[in-house]
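Undergrad: Mind folding the following:
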Amino acid sequence: QRTIQNLANVTRVMNAKEYQTYMLETGFIPQTQFDAFYDGTTDTDWVAESFEQGIMSRYNLGFNGANTNGSYYLSLSYTDDDGIVKGDKDFYKRLTLMANADYKIKSWIKVGTNNQIEKYNSRSVSEGTEYGGFLSSVLTLDPLTPVTLSPANITPTMQNILDNGNILLTDENGDYYAISDFFQAENVNPFIIRDRSIPLREGFNLNGSVFGDLTPFNGLTITSRFGYRLSSSYSNTYNHSYYANANVYNQYTDVSSRSNGSIYYQWDNYINYMKNFNGHEVSGMFGHSFVESTNSYVSGSIEGEGGSSLLKDDPELFGYLDYKASSATQTVNGSKSISANESYFGRLGYNFKDKYIAQVQLRADAFDLSKLPVTNRWGYFPSVSLAWVATKENFLSNVPVLSYLKIRASWGVNGSIAALSNYPYSTSITSSSAYSWDLVQSTGTANWVVAKFPSSLGNDELSWETTTQTNVGFDARFLRDKLSLSADYFNKQTEDL
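TA: Below is the predicted model:
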């Protein structure tokens with residue numbers, strides 16, 4: 001499969017003549033500046049210069065098979081998207097393998113698995129921030145500035161930048177990306193924005209599940225399901241030394257890298273039972289769930305002090321933290337976090353000929369110490385619902401106008417900890433800047449002390465936020481189901497916000 005991509009809609013911007021007229025009429029740029037710096041012929045369409053037709057290719061290969069005892073499905077796919085920005089600065093590549101299978105070992109045992117692994121790498125350009133970006137530069141840069149200028153034809157402004165020991169970025173032919181003499185802001189030549197850094201991101205994701213169903217006798221099903229998600233990503237950004245204007249420059253080459261890892265798993269076990277006898281249907285379910293998530297990262301950066309941060313300014317071979325120059329400043333940090341929650345849940349149900357319906361549920365949930373103290377980590381959330389299908393009764397079964405009438409009522413409690421940050425029940429201590437202690441007036445010397453103070457006040461009585469809701473209503477249909485009517489009354493109260 002091959003897809004052609006084009007820029008769909010772009011706001012129309014001024015051409016060279018319109019730009020000059022507008023700037024003269026508004027008084028933003030005087031005629032003398034145009035006379036001094038404009039060559040009279042350049043009329044750059046930055047949209048046309050910056051974007052091209054992109055092609056996204058997808059290749060898929062799949063196999064499947066089945067028999068009376070099981071089935072399988074295997075697939076391999078590859079995606080290659082070269083983006084719509086000119087050049088090779090934006091792309092996305094991904095390889096995906098999927099493997100699904102299920103098999104009935106015995107008439108009462110069934111197992112299965114679903115798995116997917118993908119590897120990807122990508123590169124992108126800055127779309128736009130308050131400090132400038134590729135797209136905002138395309139839309140705002142003046143059309144009087146050309147894309148590039150040869151070394152022999154650069155402007156006095158660009159020559160002055162070189163004479164001051166700064167670096168101008170060049171294209172693959174050695175021509176300099178032009179600097180505007182009319183527009184001084186964060187949005188500079190889009191190709192400077194594109195080429196000033198070399199970002200790369202790559203990683204993999206592996207996710208899936210394994211399950212087993214046991215049916216030792218009719219009506220009873222025991223299920224165990226284990227789901228997992230593993231992911232890892234790595235990013236590296238090489239920032240060139242360059243100068244565009246007083247607002248946009250990078251004096252020395254610098255490099256930053258970051259590695260992220262994530263492990264998530266969920267193990268669910270539950271038992272379902274259902275029995276029918278003489279129009280009575282009784283059902284029950286009991287289950288347990290445990291979830292754990294681990295996230296970690298390590299990041300580092302090097303910045304030049306009086307020179308390049310690298311042994312050699314070669315982004316392909318030396319654009320990594322290992323090649324730090326001795327004069328460079330290095331920063332390293334990282335962290336790891338683990339969260340877990342556990343749940344028990346159960347349900348009892350009764351149904352008599354779809355006429356009288358009742359269900360009772362109870363759920364107990366607990367989170368780890370990152371959210372709630374030990375004394376309040378468990379929350380208990382019951383619910384009950386009742387329904388009566390009145391049209392199943394003999395005295396309403398033959399009413400011509402009324403096709404269906406169901407009267408229902410429910411009451412239940414839900415819990416949430418979504419509003420809680422990490423360790424909100426504890427008192428956090430932070431540091432202030434240093435201040436002098438025991439100042440000696442005659443010498444001006446002092447003991448410098450770093451103060452500590454509470455940044456937040458803990459509350460060891462924090463508990464689950466609970467919402468209790470009562471609902472009463474009915475559903476009705478009339479004239480052989482041609483007209484329907486539903487009405488509800490509910491009362492919802494939230495506590496422990």
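
Undergrad: show me the contacts for the residue nearest to Y297 when sequence neighbours are not counted.
TA: Computed as C-beta to C-beta, 6 or more residues apart in numbering, the closest residue to Y297 that is not its neighbour in sequence is N260, at 4.7 Å. Every residue, glycine included, has its C-beta placed from N, CA and C. Applying C-beta atoms under 8 Å, 6 or more residues apart in numbering, one finds that N260 lies in contact with 203, 231-234, 295-297.

Undergrad: Please apply the same query to N60.
TA: Counting by C-beta under 8 Å, 6+ apart, the residues that N60 touches are 1, 75-77.

Undergrad: Let's see that with 10 Å instead.
TA: Shown in contact with N60 (C-beta atoms under 10 Å, 6 or more residues apart in numbering): 1, 75-79, 96.

Undergrad: Then S235?
TA: For S235, the contacting residues are 122, 199-203, 256-260, 299, by C-beta under 10 Å, 6+ apart.

Undergrad: Quick one: these as JSON lines, columns for distance to L162 and secondary structure too.
TA: Formatted as JSON lines, those follow (distance: C-beta to C-beta, whole Å; DSSP: H, G, I helix; E, B strand; the rest coil):
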{"residue": "S122", "distance to L162": "34", "secondary structure": "strand"}
{"residue": "P199", "distance to L162": "27", "secondary structure": "strand"}
{"residue": "L200", "distance to L162": "29", "secondary structure": "strand"}
{"residue": "R201", "distance to L162": "33", "secondary structure": "strand"}
{"residue": "E202", "distance to L162": "36", "secondary structure": "strand"}
{"residue": "G203", "distance to L162": "40", "secondary structure": "strand"}
{"residue": "S256", "distance to L162": "27", "secondary structure": "strand"}
{"residue": "S257", "distance to L162": "31", "secondary structure": "strand"}
{"residue": "R258", "distance to L162": "34", "secondary structure": "strand"}
{"residue": "S259", "distance to L162": "38", "secondary structure": "strand"}
{"residue": "N260", "distance to L162": "40", "secondary structure": "strand"}
{"residue": "S299", "distance to L162": "34", "secondary structure": "strand"}
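
Undergrad: filter those to the buried ones?
TA: Buried by 16 or more other C-beta atoms under 10 Å: 122, 199-201, 203, 256-260, 299, out of these.

Undergrad: sorry, back to before: just give me the closest of the contacts of S235 to N376.
TA: Distance ranking of these against N376, using C-beta to C-beta, places N260 first at 32.1 Å.

Undergrad: what about that closest one, distance to S335?
TA: 11 Å (C-beta to C-beta, to the nearest Å).

Undergrad: Looks like I263 contacts S337 (just checking).
TA: No - here I263 does not reach S337: they are 11.4 Å apart, not a contact under C-beta atoms under 10 Å.

Undergrad: So for those two, which residues contact both of them?
TA: Common contacts of I263 and S337, defined by C-beta under 10 Å, 6+ apart, comprise 293-296.

Undergrad: So which of those residues belong to helices?
TA: Among these, DSSP state H puts none in helices.

Undergrad: Cross-reference those residues with the strands and report the matches.
TA: Judged by DSSP state E, strands contain the following of these: 293-296.

Undergrad: before we move on, back to that, could you tell me which residues touch both of N260 and S335?
TA: With C-beta under 10 Å, 6+ apart as the test, N260 and S335 both reach 295-299.

Undergrad: Show the model's pLDDT score for N100.
TA: pLDDT for N100: 97.

Undergrad: ok, now Y238?
TA: As predicted, Y238 sits at a pLDDT of 92.

Undergrad: Likewise for S442?
TA: S442 is assigned 58 on the pLDDT scale.

Undergrad: returning to that earlier point: could you point out which of the contacts of S235 is nearest to M23?
TA: P199 (34.7 Å).

Undergrad: Wait, that closest one touches N239, no?
TA: Yes - using C-beta under 10 Å, P199 is in contact with N239, at 9.2 Å.

Undergrad: what do these two both touch?
TA: Joint contacts of P199 and N239 (C-beta under 10 Å, 6+ apart) are S256.

Undergrad: Can you tell me the SS state at D35?
TA: Under DSSP: H, G, I helix; E, B strand; the rest coil, D35 falls in the helix class.

Undergrad: Can you show me the strands along the stretch 151-300 of the chain?
TA: According to DSSP state E, counting those that start in this stretch, the stretch 151-300 of the chain carries its strands in the segments 176-177, 197-217, 220-239, 242-243, 249-250, 254-277, 280-303.

Undergrad: what pLDDT, on average, does the fifth one get?
TA: Model confidence over strand 249-250, given as mean pLDDT, is 90.

Undergrad: Which residues does it contact?
TA: 161, 166-167, 188, 196-197, 239-244, 303-304.

Undergrad: Recalculate using a threshold of 8 Å.
TA: Residues contacting strand 249-250 (C-beta under 8 Å, 6+ apart): 166, 196, 239-243.

Undergrad: and the ones in strands among the shared contacts of I263 and S337 as CSV, adding pLDDT?
TA: Formatted as CSV, these follow (pLDDT from 0 to 100):
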residue, pLDDT
S293, 95
T294, 95
N295, 95
S296, 96
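
Undergrad: So of those, which two are at opposite extremes in space?
TA: Every pair of those checked by C-beta to C-beta; the farthest is S293 and S296, at 11.0 Å.

Undergrad: Determine the residues that are contacts of both of these two.
TA: With C-beta under 8 Å, 6+ apart as the test, S293 and S296 both reach S262.

Undergrad: related to what we said a few turns ago, can I get the buried ones among the contacts of S235 in JSON lines with pLDDT and distance to L362?
TA: Shown next, in JSON lines, are the buried ones among the contacts of S235 (pLDDT from 0 to 100; distance: C-beta to C-beta, whole Å):
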{"residue": "S122", "pLDDT": "94", "distance to L362": "47"}
{"residue": "P199", "pLDDT": "91", "distance to L362": "51"}
{"residue": "L200", "pLDDT": "90", "distance to L362": "51"}
{"residue": "R201", "pLDDT": "94", "distance to L362": "46"}
{"residue": "G203", "pLDDT": "96", "distance to L362": "41"}
{"residue": "S256", "pLDDT": "93", "distance to L362": "51"}
{"residue": "S257", "pLDDT": "95", "distance to L362": "49"}
{"residue": "R258", "pLDDT": "95", "distance to L362": "44"}
{"residue": "S259", "pLDDT": "96", "distance to L362": "43"}
{"residue": "N260", "pLDDT": "96", "distance to L362": "38"}
{"residue": "S299", "pLDDT": "96", "distance to L362": "45"}
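
Undergrad: of the residues you listed, closest to K106?
TA: G203 (40.6 Å).
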